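Chemist: Task: produce atomic coordinates for the following.
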Amino acid sequence: MRWKYGNEREIKSISHRLKKPYDFTFSWNLIIKREIFKTISFHKQIKNYGYEDLIFIKNLEKQHIFIHHIDNPLTHLNEENSLLFLEKSKKASINAYYATQNSFVNKKDIHLTKVFYIIKKYKLNFFLALFFDFLEPTMKQNLVSKRPFLFLLDLYKLGYLCKKIN
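Modeler: Take a look at the predicted model:
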C-alpha cells in the first residue's frame, strides 16, 4: 500500500507542482536558502508523524518566501509494510487535526481536515465513528491486501479521526 500511495498520491511532476507551488510539494523536491531554513525550519511543536512538510511549506508561504522546485522524483523501495503504513497514517490523521487546532495550517490546507470539519459542523462525526468501528476490520483487510483501494484509505483515516476526536 505504501508504494501505491506514494506513486499515486505523492509523486507529481514539476509542471504540476509549479501550478500551485505551495499547495503540493515536499521537502525532497524544493530548494531554499540555508539562512531561510535556519530561521523557519520545521515546526518544533510537531513531534508526531505526519504533515511536517506541509506545515513547513505553509510557513514559507506565509512569509512570502519563494521556493524553487526541482525535479527530484520520489522512489519508494517498498520497505514499509502495509500494516506499518496504516499505523503511521492513523498518527498522521491525528497530527493533521492537531496542526489545524493549533493554527499551524488552515483546515482547508489538508483534505482530511477539510472534510472532517464539514462532517463535524453537521454533527455527523459520531455516525462516521460508528461506521468506522463496524467496518474497520473489512477496510483494514483491503488496505493490507495486494490491491488496496486508496479511496478506502481516505475513508479509513476519516473514520479513525472521527472516532478519536469526539
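Chemist: helix or strand for the residue in the chain sticking out farthest from the centre, which one?
Modeler: Farthest-out residue of the chain from its mean C-alpha position, per C-alpha atoms, centre = their mean: residue 35, at 26.9 Å. Using DSSP states H and E, residue 35 sits within helix 34-40.
Chemist: And that helix, how far out from the chain middle?
Modeler: Centroid separation for helix 34-40 versus its chain: 23 Å, with C-alpha atoms, centre = their mean, to the nearest Å.
Chemist: before we move on, the earlier item: if I look at the residue farthest from the centre of the chain, how far off is residue 43?
Modeler: From residue 35 across to residue 43, the span is 18 Å (C-beta to C-beta, to the nearest Å). Bear in mind the C-beta positions are built from the backbone N, C-alpha and C, glycine included.
Chemist: again with residue 93
Modeler: 17 Å.
Chemist: neighbour count winner among the two?
Modeler: residue 93 (25 against 17; other C-beta atoms under 10 Å).
Chemist: Give the helix, strand or coil label for the more buried one.
Modeler: When classified by DSSP: H, G, I helix; E, B strand; the rest coil, residue 93 comes out as helix.
Chemist: residues contacting it?
Modeler: Neighbour list for residue 93: 50, 112, 157-158, 160-161, 164 [criterion: C-beta atoms under 8 Å, 6 or more residues apart in numbering].
Chemist: No further questions, thank you.
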